[in-house]
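> Structure, please.
(chains A and B)
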There are 2 protein chains.
Amino acid sequence: MLNRHDANDTIAIMAEIGRKARAAARPLALAPAEQKRKALIAMADAILRDEPKILEANAIDMKNGEEAKLSPAMMDRLKLTPARIKALAEGVRAIAELRDPVGDVIAEWDRPNGLHIERVRTPLGVIGVIYESRPNVTADAGALCLKAGNPVVLRGGSDSLNSSAAIHAALARGLTEAGLPADAVQLVPVADRAAVGEMLKGLSGNLDVIVPRGGKSLVARVQSEARVPVFAHLEGLCHVYIDRSAKLDMAIPLVVNAKMRRTGICGAAETLLVDRAVADTHLTPVLDALAEAGCEIRADAEVLKLYPAAKPASEADWSTEYLDAIISVKLVDGIGGAIEHIETWSSHHTEAILAEDAAAVERFFNEVDSAILLHNASTQFADGGEFGFGGEIGISTGKMHARGPVGVEQLTSFKYRVRGTGQTRP
Amino acid sequence: MLNRHDANDTIAIMAEIGRKARAAARPLALAPAEQKRKALIAMADAILRDEPKILEANAIDMKNGEEAKLSPAMMDRLKLTPARIKALAEGVRAIAELRDPVGDVIAEWDRPNGLHIERVRTPLGVIGVIYESRPNVTADAGALCLKAGNPVVLRGGSDSLNSSAAIHAALARGLTEAGLPADAVQLVPVADRAAVGEMLKGLSGNLDVIVPRGGKSLVARVQSEARVPVFAHLEGLCHVYIDRSAKLDMAIPLVVNAKMRRTGICGAAETLLVDRAVADTHLTPVLDALAEAGCEIRADAEVLKLYPAAKPASEADWSTEYLDAIISVKLVDGIGGAIEHIETWSSHHTEAILAEDAAAVERFFNEVDSAILLHNASTQFADGGEFGFGGEIGISTGKMHARGPVGVEQLTSFKYRVRGTGQTRP
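As a prediction, the model looks like this:
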């Protein structure tokens, strides 16, 4: 498994993976919902049964990781425990119980000539997932793609290859038990980085979309080099705007939650915009609450005058995704100023407005062109689970096909079914 | 306009076009439906008013075309007449009256924590259209993109540059009259082929999707070289399957229509599959009707025995899109054999089943993975107008974002609007 391969070996291995994935597409697309559900339950059961093997494989990865001097954060992401394995299995079981979108009639209508047209959901195709050394993604991503009827090619970080292989073995057994092709979920078995290059080239037309799961450098490489469509976001530079009509007692806990609940996720707020009209009343209490929660505050010149405890912000702060307990703060001229700032600096992921004035909210909702816009709610709700999708493979800031959380439904395509009674076209 | 430019000029011109298009995106996205409607009506009026100028420009193109010895078919596509200009204007007026999809709430739901989530249509972005020397596409494509709130960069064939420029001038005047930026519809003013190369590279991130309109070599080049998503189909290798349950009196006119109504369009049938169970009753009458309509018949060995007037088909016939009065014919073992043949040879554009047996129809609808499937109707209905989309910019065989006819609605993206009452994420 961890043997060294030369580049030609890797190319041949990846080509074979692509062919097998494509061959699995049709049986998977035709599999009834109940068969996919049973396969997912069998996969969850197999993960629980294999706990000892998975822990054993993980111990090897952890030992190698220590020797390779991985950072504590990386080691924590790599580490599996009985509780984490149980959570993995429960995640797969939850995906098993989601509604199956394949076959849903999304729209239907009649034409004057009597033709009845239906637009029906179908699987999307073969999905490639490229992720870092987080073994849990192996189960999550594999299960989500399967639910939507898509074969998946998983390429996890090389530091987690033993753990991922052990989890993958459980998934494959679940597939086989349910009578589905084991090739529906494949794990790239080589650590060679050339495997990623082959995926970015699309495995000779056998890969339909790539989902990168990981840090900015991984996403940036995939976005710039992939020859197939990518579902991803490079940054979550999220804004919270406090309008003059905002309630202060709502704003304080909401801004603290948006910034501080978890600072390292893409939906964490990075910039706070405060309507100049309420600077005197709203600014200090909100910043005090942030500071008390342990947040560093970087302020523009105007805010600094009103809140001297802050550090001065530089131009770079408006375009920085801190992913840390730091927030940049700026006064703006009402809703128009807020929209202007956001349209200039945002990564178009998620933005929130705190306001009681319905007109301001409507303008924010209409004019800000980001994937997710929230009114009187925390930006940290930018999450497939919180949207009720049951799971997500990522969040997309692209505008093609999938935008926002990418759940099971977003992993489908559609076709048209037209029913006639002998119509010929004049 | 027709001066020669060197490559650096072209690169600079294209970069400027990209920047202007992106700058027009926000005002266009925010334009109310009524303003876009008025702009389209003003564009249609301007086309009619400019008839003399457009005919004059077209006369230059026609003269150049004669000197360049363009084929009669190319000259016919290039030629404008008062009647064709009127049809152009009427086409734009029809698009003006379509429903505006921007702002439509596609889905909405409530979460247990009280959040209300809406998925709302937004414009897609800047669209590039690359087409051959058909000046009418200038008006059609420009109008459709505008209706969905998208700036468009039009690159027409060099033989039609004068005609396209005259039509474009009318479109630009309509935009200005309605108070919209004229840059919302731009025509590439240089004949240099390097302009296409720049578009395929995406104009430095200022082009979001490319639509090629034209023959196979144009589509193939765009699909293989484009670094941005493409809405297109390379081939329309469409099948008609006559099931054992088909009514012969419906099959005869329907097959003739599917093949012969217009042989040069992507929805024209290319292969006829006949259930072996009805070979004795259905084959000869259907092939006689096709032959009588002037169609050449290329048959497999079994069909040849039953219909000796046919020519023998070779293996290549199953993968040939004739776009001509030729059809390949084969006997198959019922619905299973038909699906097998289609999944092996089809370009996944459009297929029809003629049958009265509901189970056969359902199996065909479920198992054939093409953009458009028809029951008891002609494949020539594969058309945005016939689907009720009011117009189409093309038909896509891709599975991402748009599949089948690409009308105004398919030229949109969406965003999520989330309404809360102060929710923070636990």
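> and residue A:4, what pLDDT?
Reading off the confidence values, residue A:4 has pLDDT 53.
> Check residue A:32 too.
Value for residue A:32, per-residue pLDDT: 96.
> For it, the count of nearby residues, please.
For residue A:32, the number of neighbouring residues by other Cβ atoms under 10 Å in any protein chain shown comes to 11. To be clear about C-beta, it is placed using only N, CA and C from the backbone, and glycine gets the same treatment.
> now residue A:394
24.
> Determine the set of other helices and strands touching the biggest helix by length in chain A.
Counting by DSSP state H, the longest helix found in chain A is helix A:7-30. Applying 3 or more Cβ pairs under 8 Å, 6 or more residues apart in numbering or on different chains; DSSP states H and E, we find helix A:7-30 packed against strand A:116-123, strand A:152-155, strand A:185-187, helix A:194-200.
> So what's the predicted local confidence for the closest residue to residue A:404 other than its chain neighbours?
Spatial nearest neighbour of residue A:404, excluding adjacent residues (Cβ to Cβ, 6 or more residues apart in numbering or on different chains): residue A:371 at 4.2 Å. For residue A:371, the pLDDT comes out at 95.
> Quick check on residue A:371: phi, psi?
phi -60, psi -40 (degrees, to the nearest 10).
> quick one: contacts for it?
By Cβ atoms under 8 Å, 6 or more residues apart in numbering or on different chains, the residues touching residue A:371 are A:233, A:348-350, A:395-397, A:403-404, B:415-416.
> Between those, which sits nearest residue A:289?
residue A:350 (20.9 Å; Cβ to Cβ).
> which bits of the stretch 51-200 of chain A sit near chain B?
A:103, A:109, A:111, A:115, A:117, A:120, A:122, A:124-125 (Cβ under 8 Å from any Cβ of the partner chain).
> let's go with 6 Å and repeat that
Contacts of the stretch 51-200 of chain A with chain B, taken as Cβ under 6 Å from any Cβ of the partner chain, map to A:111, A:115, A:124-125.
> Just put these in a markdown table and tack on neighbour count and pLDDT.
A markdown table is the format used below for those (neighbours: other Cβ atoms under 10 Å in any protein chain shown; pLDDT from 0 to 100):
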| residue | neighbour count | pLDDT |
| --- | --- | --- |
| A:111 | 16 | 94 |
| A:115 | 22 | 95 |
| A:124 | 26 | 94 |
| A:125 | 25 | 94 |
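> returning to that earlier point: hey, which of the helices and strands packed on helix A:7-30 is tucked in deepest?
Comparing those by mean neighbour count (mean count of other Cβ atoms under 10 Å in any protein chain shown), strand A:152-155 ranks first with a mean of 26.
> outside of the following helix or strand past that strand, which residues touch it?
Moving toward the C-terminus from strand A:152-155, the next helix or strand (DSSP states H and E) is helix A:161-177. Defining contact as Cβ atoms under 6 Å, 6 or more residues apart in numbering or on different chains, one finds that helix A:161-177 is touched by A:1, A:39, A:42-43, A:46-47, A:50, A:53-54, A:57-58, A:60-61, A:135, A:138-139, A:142, A:156, A:182, A:184-185, A:187, A:191.
> Buried ones among those?
A:39, A:42-43, A:46-47, A:50, A:54, A:57-58, A:61, A:135, A:138-139, A:142, A:156, A:182, A:184-185, A:187, A:191 (16 or more other Cβ atoms under 10 Å in any protein chain shown).
> so where do the strands sit in the stretch 201-350 of chain A?
Counting by DSSP state E, counting those that start in this stretch, the stretch 201-350 of chain A has strands at residues A:209-213, A:238-242, A:269-275, A:296-299, A:311-312, A:326-332, A:350-354.
> What backbone torsions are found at the residue nearest to residue A:401 when sequence neighbours are not counted?
Counting by Cβ to Cβ, 6+ apart, residue B:401 is the residue found nearest to residue A:401 once chain neighbours are left out, at 3.9 Å. Per-residue torsions, residue B:401: phi 70, psi -70 (degrees, to the nearest 10).
> these two touch, right, residue B:401 and residue A:398?
No - using Cβ atoms under 6 Å, residue B:401 makes no contact with residue A:398, being 9.5 Å away.
> For the helix or strand encompassing residue A:365, name the packing helices and strands.
Secondary structure assignment for residue A:365, by DSSP H and E: helix A:358-367. On a contact count with 3 or more Cβ pairs under 6 Å, 6 or more residues apart in numbering or on different chains; DSSP states H and E, helix A:358-367 meets helix A:334-345.
> what comes into contact with stretch A:127-140?
A:77-78, A:88, A:91-92, A:141, A:145, A:150, A:152-157, A:159-160, A:163-164, A:167-168, A:196, A:199, A:207, A:209-214.
> Run through the residues that contact residue A:206.
By Cβ under 6 Å, 6+ apart, residue A:206 lies in contact with A:18, A:21-22, A:126.
> And the pLDDT for the closest residue to it other than its chain neighbours?
Excluding the flanking residues, the one nearest residue A:206 by Cβ to Cβ, 6+ apart is residue A:18, at 3.3 Å. pLDDT recorded at residue A:18 is 97.
> Report the contact partners of residue A:18.
So residue A:18 contacts A:203-204, A:206 (Cβ under 6 Å, 6+ apart).
> For the residues you listed, point out the one with the lowest pLDDT.
Among the contacts of residue A:18, residue A:204 carries the lowest pLDDT, at 93.
> Identify the residues contacting that one.
For residue A:204, the contact set (Cβ under 6 Å, 6+ apart) comprises residue A:18.
> residue ranges with poor pLDDT in the stretch 1-150 of chain A?
Applying pLDDT under 70 to the stretch 1-150 of chain A flags residues A:1-6.
> Show me the helices in it, by range?
Using DSSP state H, counting those that start in this stretch, the helices of the stretch 1-150 of chain A run over residues A:7-30, A:33-49, A:51-67, A:72-78, A:82-96, A:135-147.
> Other residues contacting the third one?
Looking back up the chat, that one is helix A:51-67. With contact meaning Cβ under 6 Å, 6+ apart, helix A:51-67 is reached by A:75, A:78, A:80, A:85, A:159-160, A:162-163, A:166-167.
> Just the C-alpha atoms of that helix, please, in PDB.
Taking C-alpha atoms only, helix A:51-67 is exported to PDB below (Å, rounded to 0.1, in the frame of the first residue of the first chain):
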ATOM      1  CA  GLU A  51     -12.900  -0.400  14.900                       C
ATOM      2  CA  PRO A  52      -9.800  -2.500  16.000                       C
ATOM      3  CA  LYS A  53      -8.300  -2.600  12.500                       C
ATOM      4  CA  ILE A  54      -9.000   1.100  12.000                       C
ATOM      5  CA  LEU A  55      -7.400   2.000  15.300                       C
ATOM      6  CA  GLU A  56      -4.400  -0.200  14.500                       C
ATOM      7  CA  ALA A  57      -3.900   1.400  11.100                       C
ATOM      8  CA  ASN A  58      -4.300   4.800  12.700                       C
ATOM      9  CA  ALA A  59      -1.600   4.000  15.200                       C
ATOM     10  CA  ILE A  60       0.800   3.400  12.300                       C
ATOM     11  CA  ASP A  61      -0.100   6.800  10.800                       C
ATOM     12  CA  MET A  62       0.200   8.500  14.200                       C
ATOM     13  CA  LYS A  63       3.600   7.000  14.700                       C
ATOM     14  CA  ASN A  64       4.800   8.000  11.200                       C
ATOM     15  CA  GLY A  65       3.300  11.500  11.900                       C
ATOM     16  CA  GLU A  66       5.300  11.900  15.100                       C
ATOM     17  CA  GLU A  67       8.500  10.900  13.200                       C
END
